[in-house]
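Trainee: Got a sequence here, can you model it:
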Amino acid sequence: MSASRPSYETNTRVDDYIRPLPDWQQAICCELRDPIHAADPEMTETIKRTVQPYFVLEGNVCALLAAKDHVNLFLYDGGIVPDPEGIITAGHENKTARTISFYRGDTINAPAVTAMLAQIIANNRAGGWRKLKARGTGR
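Mentor: Numbers count the residues shown, from 1 in each chain. The predicted structure is shown next:
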């Protein structure tokens with residue numbers, strides 16, 4: 001049985017970021033790509049800040065950062081996207097981004113990640129979280 005290819009386009013520079021990571025971090029990053037891209041078929045991968053993998057659609061949606069003992073998924077939502085599943089682990093008071101940290105052995109709540117990212121994309125398409133907050137339509 002062969003591994004199935006993702007139904008979305010990956011960026012070789014993002015692959016280059018993931019490849020040298022420890023196996024467990026590679027697995028988390030690769031597993032996160034599916035719910036990230038499931039949020040919208042137009043999502044694209046890029047590298048910003050020289051090496052940082054970003055996922056963008058009409059603005060930043062999220063970014064990956066492998067740390068010593070975990071992988072962070074930064075959500076660029078201005079703190080206005082609801083978190084009914086309680087998956088946000090840090091940045092609750094951050095004005096720009098919140099974080100979901102994944103440690104070795106953690107289960108990724110893919111439906112919750114995808115739902116949050118889909119809302120961030122909807123906000124981006126509506127002018128971005130800054131504009132929504134200024135209009136008072138954010139949380």
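
Trainee: how close does the most centrally placed residue in the chain get to residue 44?
Mentor: Nearest to the geometric centre of the chain sits residue 62, at 3.6 Å (CA atoms, centre = their mean). Counting by CB to CB, to the nearest Å, the gap from residue 62 to residue 44 is 12 Å. In this view, the C-beta of every residue, glycine as well, is placed from N, C-alpha and C.

Trainee: ok, now residue 54?
Mentor: The gap separating residue 54 from residue 44 is 9 Å, by CB to CB.

Trainee: of these two, who's got more company?
Mentor: residue 54 (19 against 15; other CB atoms under 10 Å).

Trainee: which helices and strands does the helix or strand encompassing the more buried one pack with?
Mentor: Here residue 54 sits within strand 52-56, counting by DSSP states H and E. Applying 3 or more CB pairs under 8 Å, 6 or more residues apart in numbering; DSSP states H and E, one finds that strand 52-56 makes contact with helix 12-18, helix 23-38, strand 44-48, strand 60-66.

Trainee: Nice, that's everything, thank you.
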